[in-house]
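In: Please find the sequence and the predicted model below.
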Amino acid sequence: MVKPKEKKASQICILTVTGRDKVGIIARIAVTMSRANINIVDVSQKIMNDYFVMSLACDIADATLDMPDIHKQLQKIAKDMELNITFQHENIFKMMHRV
Amino acid sequence: MSITVEEIFETVNMTLQQHFDIRTVTLGINLKDCMDRDLDHFCGRIHHRISEKGIQLNAVADRIEHKYGIPITNRRVAVTPASILLEPLPRTQTAAVRLAKTLDSVAAKADIDFIGGFGALVHKGATSSDENLILSLPAALSQTRHVCAFFNLASTLTGMNMTVIEQFGHILKDLAQRSKTGIGCAKVAVFANVPEDNPFMAGAHHGMGEPDYSLNIGISGPGVVKTVIEQNPDCDLTELSEVIKRTVFKITRAGELIGREVAEMMGVPFGIVDISLAATPAAGDSVAEIIEAMGVSRMGRPGSTAALALLIDAVKKGGSMASGNVGGLSGTFIPVSEDAGMIRAVKEGALTLEKLEALTSVCSVGMDMFAVPGSTPAEVISAIIADELAIGVANNKTTSVRIIPVPGKRAGQIVHFGGLLGSAPIMPVAKIASPKFIARKGRMPAPIRALRN
């Protein structure tokens, strides 16, 4: 879909989650994202020997939280659910893996 | 997603498990326009200039760290060489120490751990201001915490200033004796062919060819390089070089991105990416362990120099393809006290002072952060410096020495500096070296390769 012109340019960030699989990981992340008005644009997830591995791309252009606050919320989930969560702007991946 | 899941986790694991970080963002600040014949005016202007930019540097670095999820471990400031700034002022220790204290207090105010540039370029000769700064060094560094000093004592184009090298043996001993661990000497590096845009301490300064501001960045990733080597245990050395090159390419690209963005947000020109592999005392973040992962039984044993040469060549090739702005030292740091693998090698007797010197003939940075007994005579310290700087002069490369004669300690004992500076086993050293050679002083002429026009 073509975005309307007045809309801000997209700011794609990549979130990764790794840890032991349990109920409600995706739900909790998705709720946090939605409350902050962050649009999820792509998800890839699998379970490897009880190990939960997910990468998720989202657009923070219209987010109601800034990066440090998003990090704080995600780190709270990481602590509560004993997971490793990272959240990084996609440019770092583009720079490192695409010429 | 245009980036694959494997690529995402490769990057994520670099920071989570392999200690990949931006080791330092260093802001070079020109202070020449702060010079004054009035010491109070001079110090006031310097304080104002550095505190404003230093606080901004920390704030911007925090924002970028959050954005890209890659730690920016150190935020530092490098200034115009102090001896130049002191030229209009009386040749007194008071003036030099006051400048050091001003730099120290402004660093503390801006929450900057080290501020570099308290030094002089004396590779051919010293002005009276240079001489005053050198004589004031023990007092200045023993009364400050954050100030780092550099001195360029030799260059390929001019030869070696043996008069000042002789003097430095005494100066470093004096400085060491002013603290229990000799920590003052960890804040002084003496150089041959010092680069003007090096972001790493203790040698950082804002060189004479630099603009008003310059944002330089030092990346680091010994753990990342070690991991890819371990993932390729059986490939031949040609292939190993390729593997290292590809990895360094990636981390240099990350450094370039972050450096450019910090510079843009601060409104200052981006300078260089220094691609040096820099160790920390943390487990798995060691250059010596890279060499050992390549197949050398212990750092310092035969094979180490060749392995280090392969490593640094691959690092340079990968890095220079990733960024058009590679500069600074861009070698491999092998500081003894800051690298767990180097410490182990010294303790086991695999790495001696002589082999450390040999290793520096292929890596850029010289004999760094090594401790010797406090009783080591000044002439021996001068002779070690002369040997190391001669390697730099003759081979047209940078070399440096950061030697710590630890008061009251004997060879085999351990000294703890704490934090990033780590701890070091005291290395045995000759009780007599070249007293008559060092006492001759004068200038060793430039080598014939200086005549290249």
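Out: Noted; the coordinates are in hand. Residues are numbered from 1 along each chain as shown, chains lettered A, B, ... in the order given.

In: secondary structure class for the closest residue to chain B within chain A?
Out: Closest contact between chain A and chain B, by CB to the nearest CB, is at residue A:88 (3.7 Å). Glycine gets a C-beta too; all of them are placed from N, C-alpha and C. With DSSP: H, G, I helix; E, B strand; the rest coil as the basis, residue A:88 sits in strand.

In: The residue nearest to it when sequence neighbours are not counted: how many residues sit nearby?
Out: Nearest residue to residue A:88, sequence neighbours excluded (CB to CB, 6 or more residues apart in numbering or on different chains): residue B:69, at 3.7 Å. Around residue B:69 there are 21 other residues, counting by other CB atoms under 10 Å in any protein chain shown.

In: so what's residue B:69 up against?
Out: By CB atoms under 8 Å, 6 or more residues apart in numbering or on different chains, the contact set of residue B:69 is A:86-89, A:92, B:15.

In: Quick check: the two most widely separated of these?
Out: Greatest spatial distance among the contacts of residue B:69 (CB to CB): A:89 and B:15, at 13.4 Å.

In: how much space between the most centrally placed residue in chain A and residue A:74?
Out: In chain A, the residue lying closest to the centroid (CA atoms, centre = their mean) is residue A:15, at 3.3 Å. Per CB to CB, to the nearest Å, residue A:15 is found 7 Å from residue A:74.

In: show me where the chain has helices.
Out: Just going to use chain A. A:25-35, A:67-81, A:91-97 (DSSP state H).

In: look at chain B instead
Out: Using DSSP H, the helices found in chain B span residues B:5-16, B:39-68, B:82-85, B:93-109, B:128-142, B:162-176, B:222-230, B:237-266, B:287-294, B:304-322, B:340-347, B:353-359, B:378-395, B:435-439.

In: What residue in the stretch 51-200 of chain B comes nearest to chain A?
Out: residue B:69 (3.7 Å).

In: List the backbone torsions phi and psi for that residue.
Out: phi 60, psi 20 (degrees, to the nearest 10).

In: Tell me, what's the model's pLDDT at it?
Out: As predicted, residue B:69 sits at a pLDDT of 91.

In: Same check on the one 5 residues further on?
Out: pLDDT for residue B:74: 92.

In: okay, now it: neighbour count?
Out: By other CB under 10 Å, the residues close to residue B:74 number 20.

In: Find the nearest non-adjacent residue to it, please.
Out: residue B:24 (4.2 Å).

In: same deal with residue B:282?
Out: residue B:19 (6.1 Å).

In: show me what contacts the one you found?
Out: Residue B:19 neighbours (CB under 8 Å, 6+ apart): B:220-224, B:280, B:282, B:284-285.

In: same thing but at 10 Å, please
Out: Residue B:19 makes contact with B:71, B:73, B:220-224, B:226-227, B:279-280, B:282-286, according to CB atoms under 10 Å, 6 or more residues apart in numbering or on different chains.

In: so how far is chain A from it?
Out: 15 Å (CB to the nearest CB, to the nearest Å).

In: What of residue B:343?
Out: For residue B:343 relative to chain A (CB to the nearest CB), the value is 30 Å.

In: Number of residues surrounding that residue?
Out: Residue B:343 - counted by other CB under 10 Å - has 23 other residues nearby.

In: check contacts around it.
Out: Residues in contact with residue B:343 (CB under 10 Å, 6+ apart) are B:281, B:286, B:288, B:299, B:335-337, B:351, B:414, B:422-425.

In: Residue B:310 and residue B:317, how far apart?
Out: For residue B:310, the distance to residue B:317 - CB to CB - is 11 Å.

In: intersection of neighbour lists for the two?
Out: Common neighbours of residue B:310 and residue B:317 (CB under 10 Å, 6+ apart) are B:241, B:244.

In: Where does pLDDT dip in the chain?
Out: Went with chain A since none was named. Flagging of chain A using pLDDT under 70 yields the residue ranges A:1-7.

In: you looked at the wrong chain, it should be chain B
Out: Applying pLDDT under 70 to chain B flags residues B:1.

In: related to what we said a few turns ago, residues that sit against both of residue A:89 and residue B:15, list them.
Out: In contact with both residue A:89 and residue B:15: B:68-69, using CB under 10 Å, 6+ apart.

In: if we can go back for a sec, how about the residue nearest to the centre of chain A, nearest residue that isn't a chain neighbour?
Out: Per CB to CB, 6+ apart, closest to residue A:15 is residue A:56, 4.5 Å.

In: what's the burial count for that neighbour?
Out: Neighbour tally, residue A:56, other CB under 10 Å: 22.

In: Over to residue B:180?
Out: Residue B:180, neighbours per other CB under 10 Å, totals 12.

In: Can you tell me how far the residue lying closest to it once chain neighbours are set aside is from residue B:115?
Out: Nearest non-adjacent residue to residue B:180, counting by CB to CB, 6+ apart: residue B:407, 6.9 Å away. Applying CB to CB, the value for residue B:407 to residue B:115 is 26 Å.

In: who has more neighbours, the two?
Out: More crowded of residue B:407 and residue B:115, by other CB under 10 Å: residue B:115, with 27 against 17.

In: Spell out which residues of the stretch 351-453 of chain B are next to chain A.
Out: Counting by CB under 10 Å from any CB of the partner chain, no residue of the stretch 351-453 of chain B lies close to chain A.

In: so how far is residue B:244 from residue B:200?
Out: In terms of CB to CB, residue B:200 sits 21 Å off from residue B:244.

In: correct me, but residue B:303 touches residue B:237?
Out: No - applying CB atoms under 10 Å, one finds residue B:303 not in contact with residue B:237, separated by 11.3 Å.

In: list residues touching both of those two?
Out: By CB under 10 Å, 6+ apart, the residues touching both residue B:303 and residue B:237 are B:294-295.

In: Which residues of the stretch 151-300 of chain B lie near chain A?
Out: Residues of the stretch 151-300 of chain B lying near chain A (CB under 10 Å from any CB): B:247, B:249-258, B:260-261.

In: Return the member of those residues nearest to residue B:9.
Out: Minimum distance to residue B:9 across those is 13.3 Å, recorded for residue B:250 (CB to CB).

In: Spatially nearest residue to that closest one (excluding sequence neighbours)?
Out: Using CB to CB, 6+ apart, the nearest residue to residue B:250 is residue A:96, at 4.3 Å.

In: Just give me the neighbour total for the one you found.
Out: Residues lying near residue A:96 (other CB under 10 Å) number 21.

In: Residue B:294 contacts residue B:304, correct?
Out: Yes - using CB under 10 Å, residue B:294 is in contact with residue B:304, at 9.5 Å.

In: These two - which one has more neighbours?
Out: Remark: of residue B:294 and residue B:304, residue B:304 carries more neighbours, 26 against 23, as counted by other CB under 10 Å.

In: For the more buried one, give its distance to residue B:361.
Out: Relative to residue B:361, and taking CB to CB, residue B:304 is found at 12 Å.

In: among the contacts of residue B:19, which ones are buried?
Out: Buried by 16 or more other CB atoms under 10 Å in any protein chain shown: B:73, B:220-224, B:226-227, B:279-280, B:285-286, out of the contacts of residue B:19.

In: Columns distance to residue A:25 on top of these, output as TSV?
Out: Below are the buried ones among the contacts of residue B:19 laid out as TSV (distance: CB to CB, whole Å):
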residue	distance to residue A:25
B:73	31
B:220	33
B:221	30
B:222	33
B:223	28
B:224	28
B:226	32
B:227	27
B:279	36
B:280	33
B:285	31
B:286	35
